[in-house]
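1. Need coordinates for the below:
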Amino acid sequence: MNNLITILQYQFVERAIIAGFFLGLVCAVLGVFLVLRKMSLIGDGLAHISFGAIAIGIAFGIYPLFVAIPLVIIASLIIYTLTRNNIIEGDAIIGILASFGLAIGVIISSITTGFNIDIFSYLFGNILAINQQELIFAIIGSITILSIIILFYQEFVAISFNAEQAKISGLPVSRLDIIFSIITALTVIMSIKLAGALLVSALLILPASSSLQVSKSFQQTIIFAIMIALISIIFGIIISFIGNIPTGATIVTINIILFFTIILFKYLIKR
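-> Residues are numbered from 1 along each chain as shown. Got it, this is the predicted structure:
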């Protein structure tokens, strides 16, 4: 217990937990909508695109997020436009753009500075290295996205369960989908520092998927997803610090353990 109190006294651990708390809230809530919409893979696709954008920023000496934010939002809107107009299947365009983003990131990194510490922190995540400015960005961004979700909560729920019915009932589905695409892109960008481009989609998929196994209502699904996300993030940060292992991978591993524990528990109850 004393060791835990000592760990929490480090400012960088404190910043990591605060940022993880807010990002966990956003990822858990947004993840529920993404899973219900069968759009889970978009997080993975946008994360890979963000890696390419971040590599461009680092290569040209520009703050990486200034490059990533517009490019990832554009990519998210491209995915939405192409899938909505049935030009190409959603999983196909996500795979194409994800491969392109990752390829660009690898090429630019190899011909400029190489895979240095900055690149690796965005590729694999390093929330323990988050600075004060990034913490403020995470808090303000998370609050903004959560506010948008609360504002359009009923509309997002209606579209997630039955988009056609929502359109018939008079909801501006296209406009709402554009808003949803933008906040998804922003969530992925903010979460890169937490889990890295290669693992960020797990933060969107796993808490929601675990929660859906045991919840009995939509509200309950969101609450359970938030609880699972926060448990995995807080314990992941502490365990990674104590064991000197990658934080993002630790958080995702705890998420996976919780997921299969819930599956096993559910199976045993049915037996």
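
2. Against Lys216, how distant is the residue positioned nearest the centre of the chain?
-> Against the mean C-alpha coordinate of the chain, by Cα atoms, centre = their mean, the closest residue is Val188 at 4.3 Å. Val188 is 29 Å from Lys216, where distance means Cβ to Cβ, to the nearest Å. The way it works is simple: take the backbone N, C-alpha and C, and place the C-beta from them, glycine included.

3. All the helices of the protein, in order from the start?
-> Here the chain has its helices, by DSSP state H, at 2-8, 11-36, 41-59, 64-84, 90-111, 117-124, 132-151, 153-161, 163-168, 173-195, 200-214, 218-243, 247-270.

4. worst-scoring helix or strand of the protein, pLDDT-wise?
-> helix 2-8 (a mean of 65; mean pLDDT, DSSP states H and E).

5. The residue nearest to the centre of the chain: what's it in contact with?
-> Gly43, Leu46, Ala47, Ser50, Val72, Val200, Leu204 (Cβ atoms under 8 Å, 6 or more residues apart in numbering).

6. Mind doing that once more with 7 Å?
-> For Val188, the contact set (Cβ atoms under 7 Å, 6 or more residues apart in numbering) comprises Gly43, Leu46, Ala47, Ser50, Val72, Val200.

7. Could you do Leu102 as well?
-> His48, Phe51, Gly52.

8. let's see it at 6 Å
-> By Cβ atoms under 6 Å, 6 or more residues apart in numbering, the contact set of Leu102 is His48.

9. just Leu123 next, same as before
-> Neighbouring residues of Leu123 by Cβ under 6 Å, 6+ apart: Gly196, Ala197.

10. how much space between it and Arg37?
-> Leu123 is 27 Å from Arg37, where distance means Cβ to Cβ.

11. swap in Lys193?
-> Lys193 is 25 Å from Arg37, by Cβ to Cβ.

12. cool, Ile254 as well?
-> 25 Å.

13. out of those two, which sits in the busier spot?
-> The neighbour comparison of Ile254 against Arg37 (other Cβ atoms under 10 Å) goes to Ile254, with 20 against 17.

14. residues touching the more buried one, list them.
-> For Ile254, the contacting residues are Ser232, Phe235, Gly236, by Cβ under 6 Å, 6+ apart.

15. again, but for Ile251
-> With contact set as Cβ under 6 Å, 6+ apart, Ile251 has these partners: Ser232, Ile233, Gly236.

16. Isn't Thr83 up against Glu89?
-> No: contact status for Thr83 versus Glu89: not in contact, 7.1 Å apart, counting by Cβ atoms under 6 Å.

17. neighbour-wise, which of the two wins?
-> Remark: of Thr83 and Glu89, Thr83 carries more neighbours, 19 against 11, as counted by other Cβ under 10 Å.

18. now the more buried one: how far from Ala208?
-> Distance from Thr83 to Ala208, counting by Cβ to Cβ: 20 Å.

19. Sketch out the low-pLDDT regions of this protein for me.
-> Along the chain, the parts satisfying pLDDT under 70 run over 1-5, 8, 113-118.

20. mind saving the C-alpha coords of stretch 82-95 as CSV?
-> Provided in CSV are the C-alpha atoms of stretch 82-95 (Å, rounded to 0.1, in the frame of the first residue of the first chain):
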residue,chain,number,x,y,z
LEU,A,82,-17.3,6.1,-49.8
THR,A,83,-19.2,3.6,-47.6
ARG,A,84,-22.4,5.6,-47.5
ASN,A,85,-22.5,5.9,-51.3
ASN,A,86,-21.8,2.2,-51.7
ILE,A,87,-18.7,2.9,-53.7
ILE,A,88,-16.6,0.5,-51.7
GLU,A,89,-17.2,-1.7,-48.6
GLY,A,90,-16.3,-0.1,-45.3
ASP,A,91,-13.8,-2.8,-44.2
ALA,A,92,-12.1,-2.6,-47.6
ILE,A,93,-11.5,1.2,-47.6
ILE,A,94,-10.5,1.1,-43.9
GLY,A,95,-7.9,-1.5,-44.8
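
21. begin at 698 from here
-> Happy to do that; since the first residue is 698 now, the last one works out to stretch 779-792.

22. how about that stretch: buried residues?
-> Buried residues in stretch 779-792, counted by 16 or more other Cβ atoms under 10 Å: Leu779, Thr780, Gly787, Ile790, Ile791.
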